[in-house]
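Q: Build me a model from this:
(2 chains)
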Amino acid sequence: MKRETLIWSIIMIGGLLILGVRFAMMGGFGKVYVREVPVNFVQVERPEVAEDGTETGESETVWVAGGSPEEAAAGAVRTGSPSVNWTKREAALPKQFNAREPGVIFSLRDTIGTWFAAFLTLSLFSFLYRDNAFYKLAESIFIGVSAAYWMVVGFWSVIVPNVFGSLAPNFVRSWAMPGLEATEPDYMYVVPLILGVMLLWRLAPRGGWISRWPLALFIGVFAGLRMIQFIQADFLNQVRNSVVPFVATEGGRIDFGTSIWNIVSVLGTLACLTYFFFSFEHKGTVGKIARVGTWILMITFGAMFGYTVMGRIALLTGRLEFLFIDWLWLIDPTGTRATASLISTLTG
Amino acid sequence: MYQALNNLDRRWIFLVMAIVVAVPIITQWSFPEKVSKQTRDAYAEVERLQPGDRVLLALDFDPASAGELSPMATSFVYHCATRGAKIYFMSLWPVGPQLIEESIAKVLKPDFPDMRYGHDYVNLGYKSGYEGVIKVIITDLKKLYTTDHRGSGINSIPMMAGVESVQDMDLVISVSAGYAGAKEWVMYAKTAYPDKFNFIAGCTGVQAPPLLPYIPNQMPGLVAAIKGAAEYEKLMAEQYGLEDQPKYKEGLRRMGSQMFAHILMVMLILLGNVLFFMGRKEARR
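A: Numbers count the residues shown, from 1 in each chain, chains lettered A, B, ... in the order given. Next up, the predicted model:
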């Protein structure tokens, strides 16, 4: 066995041993608990109330929570329709389970979810060692789930309520979204529907060119929108933001901090712009100013790199916290478990 | 030594980085934060809210950025709720509605049990279209949002009465991980209607530098990256006595790892430069 492989194998086995010790010392970990909450809705008939709070003289039939003030309100009468009951599962804490709070149970389904999430996290981390089957599996699952999720969310959040809901509101109400308001059909939505179908035409074996027409329209519309907003937000406003006093005052006295800031800001902007000014050769005075511009750009790139590092470390911290807190129960910073964590046990 | 360092397997660097990040998490080391002006200004905008004011809170991120953005999202939700504002949640990212529900379950349900869905807060959910969504709802919110995330008709939600567009909001907050996010809110909403509502943002570290030029005229404050989130938490802890509430100190907890990881990065950059110059010296010989 190569020396390198041996070292990494020892690290892996060490990690597994720590897990084993963790399990032996503290019992279970990575468990998820939920609270089962019974939900009961009843249908009542009650006087209809206008927006200004006055009764219209008509009555309305609505579903309200059983035992709620709405059911007990004056004038509300239960209809003959049977009540609707189901059980809602809300997240519960391990300490609530340990305290035997009513309705709190161990959830095998959510526990499997936590363990699977931990497995996927470790599978993705394994790429840092080398490309492997676990990484490929996690990557494929992510891509597949993301694509399907986008499609389903797009269908239920836009196509059903906005497109079908505008073209055939009553049908959508009866079939999919009872909460959708009763309105008259708006046939203008046939246009985006047709454009959408044309866009999907590229999947057909023939006539792929049809999809280029709606695509051209979208590109044109977004290019136009973007250009106008860019000129307004990024060009004109940024020019305005650059017009600042070199001698700033506050309360009748010179504010040296702001004044220096303004001078550096304006001169720095001009130096950077000079660097991108190619009509003159970068020699002499122009060359020196352009060089200052280059230095300012370098400082900017350094700041961007620093922010990027901070962002990436924060993401790693988030994942490690998931592994240590939710999965391994190594630490308990939010006090969700009544039992001591491994670290608090070891440190007394 | 030079040869050994020059041929160092990069996986050792990964391992050291993992240890450097993991140890402060396990030991729960944190450090005092100095609050920057941009975070203080963002905080002041929320602090200005009066009971009953309307806040549009756009959680424009997904679980991939949650490690960086969920602490500030939690802080914004708590702060707005404490000020007695009506919170209108929405997202330009498909997984946003789930993160909104998570924030509601984490902050509003346990700490503000009197706040009622539909009366004090609502989850409008996600609509596809990126900046197109902002472009529509800035003039007509109900044209796009015909229902909330749960499928209730938009006009049947009591707190939607009197709300025709984003212009009816008092404050818009975007917690943004990229496109579409804070930049698009500045471009299509705040710049187009500068006097109608206030706007602040919280963003990832990668996004912060391009957003800084918008301060202060187009965006009075910015909570930038996990550092900004920690600063915001510090301000909230001081004002609202949250020192003993660990769920509102997520950002502060994560700053311990940040410090040690940055020290390691600086050392690695210095070491890399030393090796580079040593290599050049060797080559000249």
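Q: Check what pLDDT residue 209 gets.
A: Since you didn't name a chain, this refers to chain A. For residue A:209, the pLDDT comes out at 93.
Q: if you could check chain B rather than the one you did, that'd help
A: 91.
Q: For burial, what's the neighbour tally of residue B:106?
A: A count of nearby residues for residue B:106, using other C-beta atoms under 10 Å in any protein chain shown, gives 19. Every C-beta, even on glycine, is put in place using the N, C-alpha and C of the backbone.
Q: Show the contacting residues for the nearest residue to residue A:46 once chain neighbours are set aside.
A: Among residues not flanking residue A:46 along the chain, residue A:76 sits closest, at 4.2 Å (C-beta to C-beta, 6 or more residues apart in numbering or on different chains). Taking C-beta atoms under 8 Å, 6 or more residues apart in numbering or on different chains, we find residue A:76 in contact with A:44-46, A:64, A:70.
Q: Isn't residue B:51 up against residue B:81?
A: No: using C-beta atoms under 8 Å, residue B:51 is not in contact with residue B:81; the gap is 10.8 Å.
Q: In terms of neighbours, single out the busier of those two.
A: With neighbours defined as other C-beta under 10 Å, residue B:51 and residue B:81 compare such that residue B:81 has more, 20 against 8.
Q: which residue of chain A sits farthest from its center?
A: Distance from the C-alpha centroid of chain A peaks at residue A:284, with 51.2 Å (C-alpha atoms, centre = their mean).
Q: where's it relative to residue A:295, distance?
A: Look at residue A:284 and residue A:295: by C-beta to C-beta, to the nearest Å, they are 18 Å apart.
Q: Most widely separated two among the contacts of residue A:76?
A: Within the contacts of residue A:76, two members stand farthest from each other by C-beta to C-beta: A:45 and A:70, at 12.1 Å.
Q: for residue 41, what are its contacts?
A: No chain in the question, so chain A it is. Listed by C-beta under 8 Å, 6+ apart, the contact set of residue A:41 reads A:63-66, A:83-85.
Q: Sorry, I should have been clearer: chain B.
A: B:200, B:215-216, B:220-221.
Q: ok, now with 6 Å
A: Contacts for residue B:41 (C-beta atoms under 6 Å, 6 or more residues apart in numbering or on different chains) come out as B:220-221.
Q: can I assume it sits in a helix?
A: Yes: using DSSP: H, G, I helix; E, B strand; the rest coil, the assignment for residue B:41 is a helix.
Q: Tell me the predicted confidence for it.
A: With respect to pLDDT, residue B:41 scores 97.
Q: And it, how close does it get to residue B:216?
A: Distance of residue B:41 to residue B:216, given as C-beta to C-beta: 7 Å.
Q: And for residue A:194?
A: Plainly put, residue A:194 is 46 Å away from residue B:216 if you go by C-beta to C-beta.
Q: How is the residue in the stretch 101-250 of chain B that chain A sits nearest to assigned, secondary-structure-wise?
A: Closest residue of the stretch 101-250 of chain B to chain A, C-beta to the nearest C-beta: residue B:205 (3.3 Å). Secondary structure assignment for residue B:205 (three-state DSSP): coil.
Q: if I read this right, it contacts residue A:306, doesn't it?
A: No: between residue B:205 and residue A:306 there is no contact under C-beta atoms under 6 Å: 8.0 Å.
Q: of those two, who's got more company?
A: Applying other C-beta under 10 Å to residue B:205 and residue A:306 shows that residue B:205 carries more neighbours, namely 24 against 16.
Q: Name all residues that make contact with that one.
A: A:307-308, A:310-311, B:225.
Q: Apart from its chain neighbours, what residue comes closest to it?
A: Nearest non-adjacent residue to residue B:205 (C-beta to C-beta, 6+ apart): residue A:311, at 3.3 Å.
Q: Phi, psi for whatever residue of the stretch 1-150 of chain A ends up closest to chain B please.
A: With C-beta to the nearest C-beta, the shortest gap between the stretch 1-150 of chain A and chain B falls at residue A:128, namely 4.6 Å. The phi/psi pair for residue A:128 (degrees, to the nearest 10) reads phi -60, psi -30.
Q: Pull the contacting residues for it.
A: Residues counted as contacts of residue A:128 (C-beta under 6 Å, 6+ apart) are residue B:14.
Q: Let me see the residues that make contact with the host helix or strand of residue B:72.
A: Secondary structure assigned from DSSP states H and E places residue B:72 in helix B:63-82. Here helix B:63-82 makes contact (C-beta under 6 Å, 6+ apart) with A:311, A:314-315, A:317-318, B:46, B:55, B:59, B:61, B:87, B:103, B:107, B:112, B:173, B:175, B:177, B:202, B:204, B:223, B:226, B:229, B:232-233, B:236, B:250-251.
Q: and if you look at stretch A:87-102?
A: The contact list for stretch A:87-102, computed with C-beta under 6 Å, 6+ apart, reads A:33-39, A:104, A:336-338.
Q: repeat that for 8 Å
A: The set of residues external to stretch A:87-102 that reach it, using C-beta under 8 Å, 6+ apart, is A:31-39, A:104-107, A:335-339, B:105.
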